[in-house]
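Asks: fold the following and give me the result.
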Amino acid sequence: MSPKLLTVIIPSLGMLPMLEQCLDALGRSLEAAGVREQSTVAVVDNASHPPLPPKRIAAAGAELLRLDGHHCFARANNLAARRWPAKHYLMQNNDVLVQPETIGEMLGLLGRMPQVGICGARMVFPDGSLQHAGVVFGPGKKGPYHLLRTKPSHLMPRIDREFQAVTGGCMLIRGELWQELGGLDEDYPFGLEDIDFCLRARQSGQRIFCCQGSESLHFEAMTPGRAKLDSPSRALFMSRWQGRYTIDG
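Replies: Below you'll find the model as predicted:
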């Protein structure tokens with residue numbers, strides 16, 4: 001059997017009510033793009049206690065991969081990608097509510113631009129301020145950060161734009177590129193594995209864009225215990241990449 005067009009991978013540690021909202025919004029976006037039947041939605045239960053209920057996940061139109069032990073974000077995504085191979089992979093956080101237009105816009109950009117291997121999504125916080133519209137890099141220890149984060153949305157033009165990196169909160173990747181790079185680097189405890197992947201993609205000659213047409217909603221950083229894992233991930237990233245990316249400002 002040939003692989004499907006798209007596998008959407010959503011790791012989740014508990015947070016069932018938020019996850020169900022995420023899946024509902026995702027289903028509407030897949031339907032609007034006309035790709036629902038060509039897609040697999042894969043929820044990775046990252047050792048939730050209690051476990052995510054299979055019947056409720058199935059009722060939301062998703063497959064469920066239950067992990068008995070807690071794994072890093074990279075490992076959770078890599079396992080699902082191996083289980084459900086596809087022509088494209090969409091990594092998505094369980095606290096992101098995509099707009100009906102989002103999936104179609106992202107797939108459309110990759111369809112129009114064969115030299116682009118990764119496409120990110122514009123996202124806003126619940127108050128309407130920007131959460132993500134592309135990742136840029138600062139000097140010294142500043143490293144990668146979200147352009148215009150928390151600023152009013154109107155400050156960022158609604159024009160698709162090239163960046164060195166985009167966030168894995170909602171990131172579309174060509175399947176060939178995923179296989180070439182071997183997926184996400186599992187050395188990262190939690191965070192910056194997405195930026196590492198983008199920089200490795202650029203090394204292989206791929207371009208990276210962020211779609212700016214629609215604004216998905218991102219509640220961000222709702223996963224329990226994330227904060228204590230941010231520092232080691234950042235230290236690893238800077239040890240590997242500091243001085244090897246272009247300074248944006």
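Asks: show me what the worst-scoring helix or strand of the chain on mean pLDDT is packed up against.
Replies: Taking all helices and strands of the chain together, the one with the lowest average confidence (mean pLDDT, DSSP states H and E) is helix 227-241, at a mean of 85. For helix 227-241, the elements it packs on are strand 143-146, helix 193-203, judged by 3 or more Cβ pairs under 8 Å, 6 or more residues apart in numbering; DSSP states H and E. Any C-beta I mention is one placed from the backbone N, CA and C, and that applies to glycine too.
Asks: show me which residues of the shortest one are buried.
Replies: The reference is to strand 143-146. If you call a residue buried by 16 or more other Cβ atoms under 10 Å, then strand 143-146 has these buried ones: 143-144, 146.
Asks: same question for the longest one.
Replies: Using 16+ other Cβ under 10 Å as the burial criterion, the residues of helix 193-203 that qualify are 193-202.
Asks: each with direction, which strands does the helix or strand that it is followed by pair with?
Replies: Using DSSP states H and E, the next helix or strand after helix 193-203 towards the C-terminus is strand 207-218. Within its sheet, strand 207-218 is paired with strand 96-97 (antiparallel), strand 116-124 (parallel), strand 161-162 (antiparallel), according to DSSP bridges.
Asks: the strands in the chain, which residues?
Replies: Remark: strands assigned in the chain by DSSP state E are 4-12, 39-46, 63-67, 86-92, 96-97, 116-124, 130-132, 135-138, 143-146, 161-162, 170-174, 207-218.
Asks: wait, which of those strands is closest to Arg240?
Replies: Go through the strands of the chain one by one with Cβ to Cβ and the one that ends up closest to Arg240 is strand 143-146, at 11.1 Å.
Asks: for that closest one, which helices and strands make contact with it?
Replies: Counting contacts by 3+ Cβ pairs under 8 Å, 6+ apart, strand 143-146 is packed against strand 130-132, strand 135-138, helix 227-241.
Asks: report the angle between the least confident helix or strand of the chain and helix 193-203.
Replies: Computed by axes from the mean of the first three to the mean of the last three Cα atoms, to 10 degrees, the angle separating helix 227-241 from helix 193-203 equals 20 degrees.
Asks: pull the residues that contact helix 227-241.
Replies: 141, 143-144, 187-193, 195-196, 199, 221 (Cβ atoms under 8 Å, 6 or more residues apart in numbering).
Asks: got any ranges where the protein has weak pLDDT?
Replies: Judged by pLDDT under 70, the chain has its weakly predicted residues at 221-229, 249.
Asks: again, only using 50
Replies: For the chain, not a single residue meets the criterion pLDDT under 50.
Asks: mind checking the longest helix of it?
Replies: Longest helix of the chain, by residue count under DSSP state H: helix 16-33.
Asks: chain center to it: distance?
Replies: 15 Å (Cα atoms, centre = their mean, to the nearest Å).
Asks: repeat that for stretch 54-61.
Replies: The gap between where stretch 54-61 is centred and where its chain is centred comes out at 22 Å by Cα atoms, centre = their mean.
Asks: what sits up against that stretch?
Replies: 16, 20, 23-24, 27, 36, 41, 43, 63-64.
Asks: now with 7 Å, please.
Replies: 20, 23-24, 27, 41, 43, 64 (Cβ atoms under 7 Å, 6 or more residues apart in numbering).
Asks: looking at those residues, spot the one nearest Arg174.
Replies: When the contacts of stretch 54-61 are compared for distance to Arg174 (Cβ to Cβ), Val41 wins out at 18.7 Å.
Asks: who are the packing partners of the longest helix of the chain?
Replies: With contacts taken as 3 or more Cβ pairs under 7 Å, 6 or more residues apart in numbering; DSSP states H and E, helix 16-33 sits against strand 4-12, strand 39-46, strand 96-97, helix 102-112.
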